[in-house]
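>>> pasting a predicted model and its sequence here:
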Amino acid sequence: MADLLMFHGRECPHCKKMMPLVEKLEQESGVRIDKREVWHDEKNADLMRSYRSALAPKCGGQLRVPTFFNPDTQDAICGEVEFEKLKEWALKR
Amino acid sequence: MKKRYWRCFVCNDIHYGVAPPELCPTCKVLNAYVEISADEARGILGGGPGITLTPGEFRAAIERFAAGQEFEVNPDREKVGMLIEGVFANEANHGLKYCPCRLCAKDWEEDLKIVCPCNFTIHETYKGVRDGECWCGLFVRRK
Ligand code: SF4
C-alpha cells in the first residue's frame, strides 16, 4: 500500500491546523502520510504540479494547499477538513 | 480579448487593459490614452521611482482596500501575520506575491489569478457563504 501524500505550505494557516490531525491519524491508524512542502521546495512543487489534472478538479480548478492525495486511486481532498472526514478518506482505499 | 498597453498623452499614466479609461484617473482629461508597445510601457514604469512596500505597509494597503467593502482583513492578527510572511517569501523566491495557500502552475496568465489579494469573491469558501473567507482566511466577510 503506497503512502498517501499531503501537499502543504509553510505559511498556510489551514495546513498548520491540519498537521496535528494528520499526526493523530498516523498514530491511530498506522496510515503513512508523506508531507510535502511546496513553496520552499521546488521538487515538491513540481511533484504537485505533475498531479495537476487529478488535483485541480477537486480543488476549485487550481492547485491549493492543503491537499491530500492518493496516488493509487488518484483521489484527492483539499482544504481544512474535520478529523473524521480525513480519516474516512484515508482509510477508504 | 487581449490586453494592451496605453499611455495618457497628458500625464503619462500607464494602463494595461483591453481598452483605455475614458477619463484619466490622474489628470481627469477625457480620451487621453494612446496605445503603446510593451517595451515603451516597461521603459516608462521601469524608470519610475523605486517604491517598495514593507510587510507593514502591505498590511495597511489591504486594510485601506477592504475599508467600506463587505469584507475585512481577518481580525486574527496571528493568522494575518503568517499569511503576509508567506506572501513576502513568495515574492522574494518566486517573483510575485503569490498566495501562500495555493501553488503556481507555471502558467503566467493562470498564476496572475493567485497574486494576493486575489479575486476571492468567487471562491467557494466566500461566495454565498455566511461567514465566508478567502481561501486562506486573510479576508473574511464583515459581520
Ligand atoms: S486567497 Fe486570500 S491570502 Fe490567498 S491570494 Fe487570495 S486574498 Fe490573498
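Everything's here; your move.

>>> so where do the strands sit in chain A?
Assigned by DSSP state E, chain A shows strands spanning A:4-8, A:33-37, A:67-70, A:75-78.

>>> and if you look at chain B?
Along chain B, the segments classed as strands by DSSP E run B:4-8, B:14-17, B:33-36, B:71-73, B:139-141.

>>> adding mean neighbour count, write these out as a markdown table.
C-beta: built from backbone N, CA, C; applies to glycine. Below are the strands of chain B laid out as a markdown table (neighbours: other CB atoms under 10 Å in any protein chain shown):
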| stretch | mean neighbour count |
| --- | --- |
| strand B:4-8 | 19 |
| strand B:14-17 | 15 |
| strand B:33-36 | 15 |
| strand B:71-73 | 19 |
| strand B:139-141 | 21 |
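
>>> what residue is smack in the middle of the chain?
No chain was given, so I picked chain A. Nearest to the mean C-alpha position of chain A, counting by CA atoms, centre = their mean, stands A:Phe68 at 2.1 Å.

>>> let's do chain B instead
Against the mean C-alpha coordinate of chain B, by CA atoms, centre = their mean, the closest residue is B:Pro117 at 5.5 Å.

>>> could you find the closest non-adjacent residue to it?
B:Ile62 (6.0 Å; CB to CB, 6 or more residues apart in numbering or on different chains).

>>> list the contacts for the one you found?
Applying CB atoms under 8 Å, 6 or more residues apart in numbering or on different chains to B:Ile62 gives the contacts B:Val73, B:Pro117, B:Leu138, B:Phe139.

>>> return the residues in contact with the last one.
Applying CB under 8 Å, 6+ apart, one finds that B:Phe139 lies in contact with B:Ile62, B:Ala66, B:Phe71, B:Glu72, B:Val73, B:Asn74, B:Pro117, B:Phe120, B:Tyr126, B:Glu133.

>>> ok, which pair from those is furthest apart?
Across the contacts of B:Phe139, no pair lies farther apart than B:Ile62 and B:Tyr126, at 15.3 Å, counting by CB to CB.

>>> kindly export stretch B:70-90 (C-alpha atoms) in CSV.
Listed next in CSV are the C-alpha coordinates belonging to stretch B:70-90 (Å, rounded to 0.1, in the frame of the first residue of the first chain):
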residue,chain,number,x,y,z
GLU,B,70,-18.4,43.8,2.5
PHE,B,71,-15.2,42.0,3.7
GLU,B,72,-12.4,43.0,6.0
VAL,B,73,-8.9,41.8,6.9
ASN,B,74,-9.2,38.9,9.3
PRO,B,75,-9.2,40.2,12.9
ASP,B,76,-7.0,37.2,13.8
ARG,B,77,-3.6,39.1,13.7
GLU,B,78,-1.5,36.0,14.1
LYS,B,79,-3.1,34.4,11.1
VAL,B,80,-2.7,37.5,9.0
GLY,B,81,0.9,37.8,10.1
MET,B,82,1.7,34.3,8.9
LEU,B,83,0.0,34.9,5.6
ILE,B,84,1.8,38.1,4.9
GLU,B,85,5.1,36.4,5.8
GLY,B,86,4.2,33.8,3.2
VAL,B,87,3.2,36.4,0.6
PHE,B,88,6.6,38.2,1.0
ALA,B,89,8.6,34.9,1.0
ASN,B,90,6.9,34.0,-2.3
